[in-house]
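Trainee: Turn this into a structure:
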Amino acid sequence: MCLLLIVLLQTCHNADSGKLFTNNETLNLWIDNADWYQSIAVDTMRVDTIKVEMIVDAQSDSSDIRSALDIIVVDNVLLVADYLRSSVVGIHIDSDEPTFNVRSRGLGSNEASYPSSLSKCGGFLNIASYGYTTSSLPRSPFSEVRRSSYSSTDFTSRHVCYEGKILMKCPETRDPEGAVCIYEIASDGELSPSGRFIPNIIPFPMQPSVYNSSKLSSDDEHYRLTYNFLPLVFMGNSGSLGSQDKPFTGVLHIDHPGFERKLDQLPPTPVNTNSVDMSMPAGAFILFTHRHGDHLIVAISNKLYLFDVGGGDGRYRFEKVVVFVDHGDRQLVTLKMTTHNGKAIITSGRSGQIYTVELERLLQSII
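Mentor: Below you'll find the predicted structure:
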């Protein structure tokens, strides 16, 4: 029986459908209930190599930035969540004005402790730090107006904004059916929980819990969830947000050779078992997804995979693989991406370098 097979990717559930399923039956039901499921093969030989321009050199003595865990443009200022320095730095990207500290290290008002996520939501700039999230004015100097704390802490809490709500990894990991929490934003900036959804694939306290690692992103049409080590992009809309029956309206399966390795040797295992493999799995992994106009960009390992969704029939079409290189022709791993004034702004490497490239160049087709 399918329910007895403890593999992370398998096709015994509705085998004739050709869909990929997990060992989590709730997630399998949501895959089945989605309005559409599309599998699309990627051509890893169709590569476009693009040289990018560095705008922040974190290895320079003059740099005010040591790491860039998240970036966002607000009020014509590029805000950088500098995790290593416990600060948020502002960069005037349209002028020569000097960089400035939006948040310095600390636990008090207008201070930060290991900031990991930035968003503009509900009329506020929201900054997620170690154990709390602050709501701030959405214009320079971004003064803090409200602080919301959580009962449990997470050093790398990530959140996104979707239709005026904050979606964030839940502070408690013990609930197998509650990996993502929804927060309402009041007029004074206070965050209040309004629901939770999305299951953990490996239930607490089983291991290896690394397979619960996931990323959230959003645009005007959808919110998206990806588990780092599954080649699936789950998409939902406002009508499905928080639904316990159908949180996803679509599922995109990226048929990528790096995800072919069978994972049946890594089933959920009791935590007191000596044979538990706690290491990161080999093979491909998803870093983020980003939607710009009619294009969906999925960062897999050290490459970006570009899909076109502008054909009018609602189907995704693979366009190309993008490899970014610096001025020394060294390949970059893109960790985060945002856009501003016709340019893509990306972070690369743990030391916090930030680069830019023309969007037109990034999105153009190759012959």
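Trainee: going forward, measure contacts between C-alpha atoms and count neighbours the same way
Mentor: Fine.
Trainee: who touches the longest helix along the chain?
Mentor: Longest helix in the chain by number of residues (criterion: DSSP state H): helix 25-33. The contact list for helix 25-33, computed with Cα atoms under 8 Å, 6 or more residues apart in numbering, reads 3, 13, 21-22, 37, 198-199, 245-251.
Trainee: So which bits of that helix are buried?
Mentor: Thr26, Leu27, Asn28, Trp30, Ile31, Asp32, Asn33 (16 or more other Cα atoms under 10 Å).
Trainee: now those in JSON lines, with pLDDT and distance to Asn237?
Mentor: Compiled in JSON lines, the buried residues of helix 25-33 are given as follows (pLDDT from 0 to 100; distance: Cα to Cα, whole Å):
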{"residue": "Thr26", "pLDDT": "84", "distance to Asn237": "19"}
{"residue": "Leu27", "pLDDT": "86", "distance to Asn237": "17"}
{"residue": "Asn28", "pLDDT": "87", "distance to Asn237": "19"}
{"residue": "Trp30", "pLDDT": "91", "distance to Asn237": "14"}
{"residue": "Ile31", "pLDDT": "92", "distance to Asn237": "15"}
{"residue": "Asp32", "pLDDT": "94", "distance to Asn237": "17"}
{"residue": "Asn33", "pLDDT": "93", "distance to Asn237": "14"}
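Trainee: Can I have the buried ones of the contacts of helix 25-33 as a ChimeraX selection?
Mentor: In ChimeraX, this line selects whichever of the contacts of helix 25-33 come out buried by 16+ other Cα under 10 Å:
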select :13,21,22,37,198,199,246,247,248,249,250,251
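Trainee: Tell me which of the contacts of helix 25-33 fall in strands.
Mentor: If you go by DSSP state E, these have Tyr37, Gly250, Val251 in strands.
Trainee: I'd say Asn110 and Ser87 touch.
Mentor: No. Judged on Cα atoms under 8 Å, Asn110 makes no contact with Ser87 at a distance of 10.1 Å.
Trainee: Let me know the secondary structure of Arg139.
Mentor: coil (DSSP: H, G, I helix; E, B strand; the rest coil).
Trainee: Any idea how many residues pack against the nearest residue to it once chain neighbours are set aside?
Mentor: Among residues not flanking Arg139 along the chain, Asp75 sits closest, at 5.5 Å (Cα to Cα, 6 or more residues apart in numbering). Neighbour count for Asp75, taken as other Cα atoms under 10 Å: 13.
Trainee: One more: Ser365?
Mentor: Applying other Cα under 10 Å, we find 12 residues neighbouring Ser365.
Trainee: Confirm for me that it is in contact with Arg317.
Mentor: No. Counting by Cα under 8 Å, Ser365 does not reach Arg317; the two are 11.9 Å apart.
Trainee: any idea how far Asp82 is from Glu360?
Mentor: Shown here: Asp82 relative to Glu360, a distance of 29 Å by Cα to Cα, to the nearest Å.
Trainee: Mind checking which of these two has more residues around it?
Mentor: Neighbours per residue (other Cα under 10 Å) separate Asp82 from Glu360, with Asp82 holding more: 28 against 11.
Trainee: can you pull the contacts of that one?
Mentor: Shown in contact with Asp82 (Cα under 8 Å, 6+ apart): Ile65, Arg66, Ser67, Ala68, Leu69, Asp70, Val88, Val89, Tyr114, Pro115, Ser116, Gly352.
Trainee: One more pass at 6 Å, please.
Mentor: Contacts for Asp82 were tallied using Cα atoms under 6 Å, 6 or more residues apart in numbering; they are Ser67, Ala68, Val88.
Trainee: Dihedrals phi and psi, Lys165?
Mentor: Dihedral angles of Lys165 (phi, psi; degrees, to the nearest 10) stand at phi -120, psi 150.
Trainee: right, and it touches Glu184 too?
Mentor: Yes. Using Cα atoms under 6 Å, Lys165 makes contact with Glu184 at a distance of 5.3 Å.
Trainee: between the two, who's got more neighbours?
Mentor: The neighbour count for Lys165 versus Glu184, taken as other Cα under 10 Å, is higher for Lys165 (20 against 17).
Trainee: distance between the ends of stretch 342-356?
Mentor: Stretch 342-356 has an end-to-end distance of 10 Å (criterion: Cα to Cα).
Trainee: Using neighbour counts, pick out the buried residues of that stretch.
Mentor: Ala344, Ile345, Ile346, Thr347, Ser348, Ser351, Gly352, Gln353, Ile354, Tyr355, Thr356.
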